[in-house]
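Asks: next come a sequence and a model predicted from it.
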Amino acid sequence: MDTIKREKLDSIGFKFSKAMGQNFLTDSNIPEKTVRLSNIDQSCGVLEIGPGIGALTLPLSAVAGKVVAVELDEKLLPILSDTFAHCENVEFVAGDILKLDVSQLLKDKFVDFRYCVCANLPYNITSPILTKLIDSDLFEQVTVMVQREVARRMCALPGTSDYSAFSVFINYHTEPTILFDVPPECFIPRPKVYSSVVLMRTRTEKRLSKADEGHFFRIVRAAFGQRRKTLVNALYAAFGSKMTKADIMDIIMFCGFDPRIRGETLGIEEFIKISKQFQLT
Ligand code: SAH
């Protein structure tokens, strides 16, 4: 971090907040590479979450049509406004991304732009943020820096130890790729974990209707709810009040699977096949 920024933080007596997941990037190469590999250009309206003191906002503003950055910590806003006073395509919004009406925000702030996300996320709320952004189905692509283990889970394939209901969720909606890893030395304060930058391109053709997705994800979450159990037992643990174990076993076998399979070996198509046979009323 350059001395001017450090001085600005010191001048307001800034203390890094763990609760707000504050680890600021100090190495300008990382945000520049993130922006370059995300292929962001003038046609993009970029939503950034948690700009901090603007390490990523700066290279974003150089290439994007417009950047809107939502920051929870109001103490950072004067520093941000000051640093970006001459950047006409950058706007800061004070608020909590989990409480904001994102659809309304995009409508208000971006006209005629392709919606994108690019952010170094507060790691303690990675899953709720990604669930909200991806569920909204508003973005063409989402680039985020997250904890490395979370990145591995987001991109995991069936049958691997990182594969989870979250992997199915991410892979159902997007095509995720890990762009690169980032060591703790690139941040102040240094986090205990490694980080990774993940690019997710939203799938334009969904395999289920919006109405069927809720049902599908209930089955997926149930299948992973009891990891060391067979799929039959995991689904029975979740839906036993509605179905007998024999009913569940019949469905699994009707779908062409061995009744002893485990949920974590199944891909999206296989889960879709099973969820279509499940009638939960
Ligand atoms: N992007 C910056 C900072 C990353 S640290 C950089 O790379 O240097 C995470 C940032 O998210 C912090 O600025 C923190 O204040 C902010 N933040 C934490 N919770 C938030 C929330 N719910 N909504 C918006 N911003 C949040």
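Replies: All right, it came through fine. Numbers count the residues shown, from 1 in each chain.
Asks: with adjacent residues omitted, what lies nearest to the closest residue to the ligand within the stretch 51-200 of the chain?
Replies: Among the residues of the stretch 51-200 of the chain, residue 52 lies closest to the ligand, at 2.7 Å counting by Cβ to the nearest ligand atom. To be clear about C-beta, it is placed using only N, CA and C from the backbone, and glycine gets the same treatment. Spatial nearest neighbour of residue 52, chain neighbours left out: residue 24 (4.5 Å); criterion: Cβ to Cβ, 6 or more residues apart in numbering.
Asks: ditto for residue 200
Replies: Counting by Cβ to Cβ, 6+ apart, residue 174 is the residue found nearest to residue 200 once chain neighbours are left out, at 3.7 Å.
Asks: residue 187 now?
Replies: Once flanking residues are discounted, residue 187 sits nearest to residue 23: 4.2 Å by Cβ to Cβ, 6+ apart.
Asks: that older thread, tell me the contacts of the residue of the stretch 51-200 of the chain closest to the ligand?
Replies: Contacts for residue 52 (Cβ atoms under 8 Å, 6 or more residues apart in numbering) come out as 22, 24-25, 71, 76, 120.
Asks: which SSE is the closest residue to residue 49 other than its chain neighbours in?
Replies: Leaving aside its sequence neighbours, residue 49 sits nearest to residue 119 (Cβ to Cβ, 6+ apart; 4.2 Å). Assigned by DSSP states H and E, residue 119 belongs to strand 114-120.
Asks: now stretch 157-176: mean pLDDT?
Replies: Mean pLDDT, computed over stretch 157-176, is 97.
Asks: do the same with stretch 13-25
Replies: Summarised as a single mean, pLDDT over stretch 13-25 is 95.
Asks: not counting sequence-adjacent ones, nearest residue to the residue in the stretch 1-150 of the chain that the ligand sits nearest to?
Replies: Using Cβ to the nearest ligand atom, the closest approach of the stretch 1-150 of the chain to the ligand is made by residue 50 at 2.0 Å. Leaving aside its sequence neighbours, residue 50 sits nearest to residue 122 (Cβ to Cβ, 6+ apart; 5.4 Å).
Asks: residues contacting that neighbour?
Replies: By Cβ under 8 Å, 6+ apart, the contact set of residue 122 is 20-22, 49-50, 72, 129.
Asks: one more time with 7 Å, if that's ok
Replies: 20-21, 50 (Cβ atoms under 7 Å, 6 or more residues apart in numbering).
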